[in-house]
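[1] One predicted model, sequence on top.
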Amino acid sequence: TNSSVPVNVIGISNAVGVTVGGYHACALLNNGTVNCWGSNFSGQLGRGTITVAETPGLASGLSGVEAVAAGNYHTCAALGDGTIKCWGKGGSGQLGNGATADSASPVTVSGIACAAAVNGACGGPGACSAGSVSGDNGLTSCGTTRTWTCNGSGGGSNASCSNVNPACEPVVLGRCGAANGAPYSSAPTFGLCRSGTASAISGSGPWTWTCNGSGGGLTASCSTATMGTACKARKVSTQDGNSCVITADGGVKCWGNDYGAIPATVAGLTDVIDIKSSPFANCAFIKDGAIKCWGRPVGFPPTGTPQISMTPQLLSTFVSGLPSNIVDIELNINSACVQTASGDAKCWGGNFLSQLGDGTRTDRSTPVDVQGSSGNTSKIAGGVNPTSASGCMLAKEGSVKCWGMNNSGQVGDGTTTRRDAPVGVTGLASGVKDIVEGFGSNCAVTDTGNVKCWGASFFDTAVPQWTPVSIAALANVTKISGGFPSETYCALT
């Protein structure tokens, strides 16, 4: 039964992450296992059957999971031992096991694990990939750090490990940027904070710093480790029909639609610290601040024929006038927007649906300012859904503005009038710490942990909401997940 108000997910009380696919969802638990529920006709729940599940159940055979990502009809998990496992729809090779058949149980992605892994390396949450654990201080409350040692086995060296309860890290205006958690062989200099200012970096690997909250936001503590000798996949990203992973050596491997059923190394990529994927293109953030993209040309105007390239190119080679210090990018089928470390938002590409937010409906081959964004943008959201063609930006002081198509009230200004330039979302002039786009709708998480949504009728009532409505029964929310093509949001409290 559809629900217009939030309902508790049965049996989940210890989640540290949540991901929403096309028509299913999965939660990562603090013991390193994964629970999934929802549509299952391709086996995307990983439970050994293709039976739809109305309640969560364990994805079979998984332990030590550190991250999970849901695509439209498949799911992938990154394990603490450096391997990747996927399950669900496999017709395009998106499971990465050399086959093009669906699998209702997790299968190991070929060619990702690395024999150079140190036996004593740290593994998943609170564990080791091999050897035995010693010196665990057992601290799990907020404000404390849990530490332990993984004793080397088979001659492996000992690894010192630590973990902060993810639920305790403040996700605020002063939150850490792209460098948080990305291994560096020398102290990082780029992408330290998404907003506010970074303190001086201390340490010799791991390096630590703080991001000072702006607009009254809290201060976030940040750290990043050296590259290390342990082999571990650092991030897995899924989209419809393909998956990509950042490998331990800073490269990228992808599999599925355009790559085949065995992971292929994406040529010309090194020192990658983050990857942003869409159904149309992929972009990799490089340690030195560069961005390389491949697939459909990012933000090409709707006239002419796009020349698809599977070889990564510097974004600056086919988009002139790009700003420096880009920390985020949103990819659409014919437009794109970026956010800079200095708080600017710029867009380019097709603009026939007012998706660029520059006050016009003119296509742009070079980036133009989103009106009113200069020096004040903390986050941008929107662009993946070609039918809603809207965008939103979160300002450093906690206000939200949106623009573009407004057929379902997704701009949030109380009308269905198309907006060529950003307008304030009613009732959200302050006090917002995060925003996320869904399918023709948007949601905001407030500083107090409440959630407000507006746009298409996937919440609260059966009709579109032209202004934000508070989502009943949600409090102390730390993260919200949703997106195209999902008609579902999930909140982590």
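    On my side now, so go ahead. Residues are numbered from 1 along each chain as shown.

[2] contacts, neighbours, all on C-alpha from now
    Fine.

[3] List the contacts of the closest residue to residue 10 other than its chain neighbours.
    Among residues not flanking residue 10 along the chain, residue 55 sits closest, at 6.2 Å (CA to CA, 6 or more residues apart in numbering). Residue 55 makes contacts with 9, 10, 37, 38, as judged by CA atoms under 8 Å, 6 or more residues apart in numbering.

[4] In JSON lines: those, plus neighbour count, distance to residue 286 and pLDDT.
    Shown next, in JSON lines, are these (neighbours: other CA atoms under 10 Å; distance: CA to CA, whole Å; pLDDT from 0 to 100):
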{"residue": "9", "neighbour count": "14", "distance to residue 286": "38", "pLDDT": "79"}
{"residue": "10", "neighbour count": "10", "distance to residue 286": "40", "pLDDT": "80"}
{"residue": "37", "neighbour count": "23", "distance to residue 286": "35", "pLDDT": "88"}
{"residue": "38", "neighbour count": "20", "distance to residue 286": "36", "pLDDT": "88"}
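
[5] what helices or strands is the helix or strand residue 346 falls within leaning on?
    Take DSSP states H and E as the rule and residue 346 turns out to sit in strand 345-349. Using 3 or more CA pairs under 8 Å, 6 or more residues apart in numbering; DSSP states H and E as the contact test, the elements touching strand 345-349 are strand 335-340, strand 364-369.

[6] Give me the buried stretch members for the first one, please.
    If you call a residue buried by 16 or more other CA atoms under 10 Å, then strand 335-340 has these buried ones: 335, 336, 337, 338, 339, 340.

[7] again, but for stretch 101-111
    Buried residues in stretch 101-111 (16+ other CA under 10 Å): 101, 102, 103, 104, 105, 106, 107, 108, 109, 110.

[8] List just the nearest of the residues you listed to residue 68.
    Taking CA to CA as the measure, residue 68 lies nearest residue 106 of the buried residues of stretch 101-111, at 12.1 Å.

[9] Check the gap between that closest one and residue 45 for me.
    Taking CA to CA, to the nearest Å as the measure, residue 106 falls 9 Å from residue 45.

[10] ditto for residue 64
    18 Å.

[11] For the two, indicate the residue with more neighbours.
    Neighbour totals were compared for residue 64 and residue 45, and residue 45 leads with 37 against 23 (other CA atoms under 10 Å).

[12] With adjacent residues omitted, what lies nearest to that one?
    Per CA to CA, 6+ apart, closest to residue 45 is residue 36, 5.2 Å.

[13] Name every strand pairing with the strand or helix carrying the one you found and say which way it goes.
    Assigned by DSSP H and E, residue 36 belongs to strand 34-38. Paired with strand 34-38 in the same sheet, following DSSP bridges, are strand 24-29 (antiparallel), strand 53-58 (antiparallel).

[14] got TSV for those strands, with mean pLDDT too?
    Rendered in TSV, the data for the strands paired with strand 34-38 read as follows (pLDDT from 0 to 100):
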stretch	mean pLDDT
strand 24-29	87
strand 53-58	89
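
[15] starting at the chain centroid, how far to stretch 413-425?
    26 Å (CA atoms, centre = their mean, to the nearest Å).

[16] pLDDT of it, averaged?
    Over the span of stretch 413-425, the pLDDT mean works out to 93.

[17] likewise stretch 436-452?
    The model assigns stretch 436-452 a mean pLDDT of 83.

[18] related to what we said a few turns ago, out of the helices and strands packed on strand 345-349, flag the one nearest residue 249.
    Per CA to CA, nearest to residue 249 of the helices and strands packed on strand 345-349: strand 335-340, 26.2 Å.

[19] What lies in contact with that closest one?
    With CA under 8 Å, 6+ apart, strand 335-340 has contacts from 298-301, 323-331, 345-351, 355-356, 377, 379-380, 383.

[20] sorry, back to before: which strands border the strand holding residue 346, and is each parallel or antiparallel?
    Strand pairing for strand 345-349, using DSSP bridges, gives strand 335-340 (antiparallel), strand 364-369 (antiparallel).

[21] Turn those into TSV, including distance to residue 489.
    As requested, the strands paired with strand 345-349 are exported to TSV (distance: least, CA to CA, whole Å):
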stretch	distance to residue 489
strand 335-340	23
strand 364-369	30
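
[22] worst average pLDDT in those strands?
    Across the strands paired with strand 345-349, strand 335-340 gives the lowest mean pLDDT, at a mean of 86.

[23] List the beta-bridge partners for residue 445.
    residue 434, residue 451.

[24] you'd agree it is up against residue 476?
    No - counting by CA atoms under 8 Å, residue 445 stays clear of residue 476, with 9.5 Å between them.

[25] Checking residue 253 next. Helix, strand or coil?
    Here residue 253 is recorded as strand under DSSP: H, G, I helix; E, B strand; the rest coil.

[26] Chain neighbours aside, what residue packs nearest to it?
    For residue 253, the nearest residue in space outside its immediate sequence neighbours is residue 265; the separation is 4.4 Å by CA to CA, 6+ apart.

[27] what do residue 106 and residue 45 both touch?
    59, 87.

[28] related to what we said a few turns ago, between residue 445 and residue 476, which is the more surrounded one?
    Taking other CA under 10 Å, residue 445 and residue 476 do not tie; residue 445 has more neighbours (23 against 15).

[29] how far away is that one from residue 434?
    5 Å.

[30] Quick one: name whatever helix or strand follows the helix or strand bottoming out on mean pLDDT in the chain.
    Each helix and strand of the chain was given a mean pLDDT (mean pLDDT, DSSP states H and E); the minimum falls on strand 159-163 at a mean of 61. The element immediately downstream of strand 159-163 (helix or strand, assigned by DSSP H and E) is strand 207-211.

[31] Count residues in the vicinity of residue 80, would you?
    25.

[32] How about the contacts made by residue 442?
    Contacts of residue 442 (CA under 8 Å, 6+ apart): 410, 435, 436, 453, 454, 455.

[33] returning to that earlier point: quick one: which of the strands paired with strand 345-349 is nearest residue 449?
    Of all the strands paired with strand 345-349, strand 335-340 sits nearest to residue 449, with 24.5 Å by CA to CA.

[34] How much space separates the residue lying closest to residue 320 once chain neighbours are set aside from residue 350?
    The shortest distance from residue 320 to any non-neighbouring residue, by CA to CA, 6+ apart, is to residue 366 (5.8 Å). Separation of residue 366 from residue 350 (CA to CA) stands at 11 Å.

[35] can you check residue 33 too?
    43 Å.

[36] cool, and residue 389?
    Taking CA to CA, one finds residue 389 at 10 Å from residue 350.

[37] Just to check, residue 202 is in contact with residue 223?
    No - applying CA under 8 Å, one finds residue 202 not in contact with residue 223, separated by 9.4 Å.

[38] Please identify which of those two sits among more neighbours.
    Ranked by neighbour count (other CA under 10 Å), residue 202 and residue 223 place residue 223 first, with 21 against 12.

[39] Is it correct that the more buried one is in contact with residue 204?
    No - with contacts counted by CA under 8 Å, residue 223 stays clear of residue 204, the gap being 11.0 Å.
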